[in-house]
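Asker: please find the sequence and the predicted model below.
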Amino acid sequence: MDKQTLIDEAISLPVEDRALVVDSILRSLNPTDSTIDREWTQVAQQRLDDLCSGKITAVPAQEVFQRVRERLAQ
């Protein structure tokens, strides 16, 4: 099968299947490192725990972006 035929067939798939194909191809180019994935999961869980416990408070995205704009304008 030539590349263009493969592309045409992939494009004709339902969106969920196309997403799976794209994800699979990208993973083959940049394989995941399970150690890094576990570490990021631990960091994300700790941040969620801190947020849920009230240890930290969330800042609305609009406020964060406004602060960044103000700093960049200086």
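Answerer: Received it, and whenever you're ready, just let me know what you need. Numbering: from 1, shown residues only.

Asker: where along this protein do the helices fall?
Answerer: 3-11, 15-29, 34-53, 61-73 (DSSP state H).

Asker: what separation do you get for Q46 and T57?
Answerer: 16 Å (Cβ to Cβ, to the nearest Å). For the C-beta atoms, the positions are set from N, CA and C on the backbone; glycine is no exception.

Asker: ok, A19 - how many residues close by?
Answerer: 11 (other Cβ atoms under 10 Å).

Asker: hmm, I typed the wrong one, I wanted K3.
Answerer: Applying other Cβ under 10 Å, we find 7 residues neighbouring K3.

Asker: quick one: pLDDT of it?
Answerer: pLDDT for K3: 95.

Asker: which of Q46 and T57 has more neighbours?
Answerer: More crowded of Q46 and T57, by other Cβ under 10 Å: Q46, with 11 against 7.

Asker: how about the more buried one, what does it touch?
Answerer: If you count contacts by Cβ atoms under 8 Å, 6 or more residues apart in numbering, Q46 has none.

Asker: same thing but 10 Å
Answerer: Contact partners of Q46, counting by Cβ atoms under 10 Å, 6 or more residues apart in numbering, are K55.

Asker: what distance do you get for it to P60?
Answerer: Plainly put, Q46 is 21 Å away from P60 if you go by Cβ to Cβ.
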